[in-house]
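Q: Build the 3D model from these lines:
(one chain, ligands or ions: 1)
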Amino acid sequence: MRKTLEKQGYHFVGPHKHSAVKTCLWLWKAMRREGEGNCYKGKFYGIAAHRCVQMTPSIFCNQRCVHCWRPLEAFNINEKKEEEVVWDSPEEIVDGCLKEQQRLISGFKGSHKTDKNTFAEAQTPKHAAISLIGEPTLYPQLAELVQEFHSRGMTTFVVTNGTNPEVVRKISPSQLYLSLNAPNEEIYKKVAHPDYNYWSRVKESLEELGRKGKEKEREEKEREEGEEAEEGEEEGKRRTRTVVRITCVEGLNIQNPEGYVELLKIAKPDFVEVKAFMHIGYSRRRLPREAMPSHSRVKAFASEIAEQLGSGSGADYKVVNESEVSRVVLVSKK
Ligand code: SF4
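A: Residues are numbered from 1 along each chain as shown. This is a model prediction of the structure:
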């Protein structure tokens, strides 16, 4: 399976090879002189694809989501197996990723289609998307890994499935995503297929997001009032923005907006990304093409969520952006 993944463009890094890096299609597009569009993370949040390192510190995952495009069957892990993994240090992982990314983009140098300035900028990555494959919170030093990227002048996005709330509590990435793929426990089991039922832990993680939001509000208020932030408070801790991502699968979890809204009220995230399941990779073995909702269907669902959340949470939520090619809609708290 490792060999298959290597053929698909995954590059394993670090002494124990549980971390991986992969350049994405958008990086390839960004490098071209004529420019061929932008990743939705660029459109929504200003991430430059050519300066983004897409990586994971854990190729393993404790869920087996039906819509996942990764070959989960090979990398599923439960709590007993976790203890057997020998983990690399954050420095080893970051060094390995940056070195490998540089090697991967070096191939653009000789092409007449490459934009010279973009190529030069790409030598110094500014962002780590800790979301490539697997569940990052299984890596025991995720908080330190995030700090390691920050200490090298980079921002970080972490995408978690929410099954490890105590790790969610500890980490302070620039932006923290929680994938919420069900409006209730019953649908969660059908979507995520975990060995254990992690639903209560996912809800705890939503609470953690809510706590981070409250901390941020308090700090912003203090700043507005000219007060100093509490002594000893880490700089990075104050900057985490929160996102809940919902990946919609037709006939499975694109239903019950009220259920999602009740859960979103717990987290009160800065953003909600409502996204279509994409019929790619290994998900094609589990779901038919018709399970992929259209962009208009996703947009209508996102609008319903925004409206209900706006009227029921005391905060103002609105649809603020969308990317039709990626079938994703961005809902933002005012
Ligand atoms: S949590 Fe993410 S990586 Fe794990 S199975 Fe689900 S979609 Fe795939």
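Q: When you work out contacts or count neighbours from here on, use the C-alpha atoms and nothing else.
A: Fine.
Q: helix or strand right after the helix or strand of the chain with the lowest mean pLDDT?
A: Lowest by mean pLDDT, DSSP states H and E among the helices and strands of the chain is helix 79-82, with a mean of 65. As assigned by DSSP states H and E, the chain's next helix or strand after helix 79-82 is helix 90-105.
Q: neighbouring contacts of whichever helix or strand comes after that next one?
A: Per DSSP H and E, the first helix or strand lying C-terminal to helix 90-105 is helix 116-122. Helix 116-122 is contacted from outside by 30-31, 50-51, 105, 108-109, using C-alpha atoms under 8 Å, 6 or more residues apart in numbering.
Q: Any of those buried? List them.
A: Neighbour-count burial (16 or more other C-alpha atoms under 10 Å) applied to the contacts of helix 116-122 gives 30-31, 50-51, 105, 108.
Q: distance between the ends of stretch 249-269?
A: Counting by C-alpha to C-alpha, to the nearest Å, you get 22 Å between the two ends of stretch 249-269.
Q: Give me the buried positions along that stretch.
A: For stretch 249-269, the neighbour count (16+ other C-alpha under 10 Å) marks 249-250, 253-255, 257, 260-269 as buried.
Q: average pLDDT across the longest helix seen in the chain?
A: For the chain, the helix reaching the highest residue count under DSSP state H is reported as helix 199-224. Taken as a whole, helix 199-224 has a mean pLDDT of 91.
Q: hmm, that helix in reach of the ligand?
A: No: shown here: helix 199-224 not in contact with the ligand (C-alpha under 6 Å from any ligand atom), separated by at least 11.2 Å.
Q: For the spatially most central residue of the chain, which non-adjacent residue is spatially closest?
A: In the chain, the centroid-proximal residue (C-alpha atoms, centre = their mean) is Val159; its distance is 2.8 Å. Leaving aside its sequence neighbours, Val159 sits nearest to Tyr177 (C-alpha to C-alpha, 6 or more residues apart in numbering; 4.5 Å).
Q: Up against the ligand, what does the chain have?
A: 61, 63-65, 68, 133-135, 161.
Q: Next, the residue lying closest to Cys68 once chain neighbours are set aside: secondary structure please.
A: Nearest residue to Cys68 in three dimensions, chain neighbours excluded: Ser283, at 5.5 Å (C-alpha to C-alpha, 6+ apart). Under DSSP: H, G, I helix; E, B strand; the rest coil, Ser283 falls in the helix class.
Q: any idea which of the residues of the chain next to the ligand is least confident?
A: For the residues of the chain next to the ligand, the pLDDT minimum is Ile133, 88.
Q: and the residue nearest to that residue when sequence neighbours are not counted, what does it touch?
A: Using C-alpha to C-alpha, 6+ apart and skipping the chain neighbours, the partner closest in space to Ile133 is Ile59 (5.7 Å). By C-alpha under 8 Å, 6+ apart, the residues touching Ile59 are 18-20, 75, 133-135.
Q: Show me just the buried residues among the residues of the chain next to the ligand.
A: Here, 16+ other C-alpha under 10 Å leaves 61, 63-65, 68, 133-135, 161 buried among the residues of the chain next to the ligand.
Q: ok, back up a step: my guess is the residue nearest to Val159 contacts Arg245, does it?
A: Yes: the criterion here is C-alpha atoms under 8 Å, and Tyr177 meets it with Arg245 at 6.6 Å.
Q: How about Val21: what's its closest non-neighbour residue?
A: Met55 (4.3 Å).
Q: chain center to the one helix or strand the one you found maps to: distance?
A: In this structure, Met55 sits in strand 52-56 according to DSSP H and E. Taking C-alpha atoms, centre = their mean, to the nearest Å, one finds the center of strand 52-56 at 10 Å from the center of the full chain.
Q: Also stretch 162-173?
A: Relative to the chain's own centre, stretch 162-173 is displaced by 13 Å; criterion: C-alpha atoms, centre = their mean.
Q: Please spell out which residues along that stretch are buried.
A: Residues of stretch 162-173 classed as buried: 162-165, 167-169, 171-173 (neighbour count, 16+ other C-alpha under 10 Å).
Q: Next step: the residues you listed restricted to helices.
A: Going by DSSP H, the helices hold 165, 167-169 from the buried residues of stretch 162-173.
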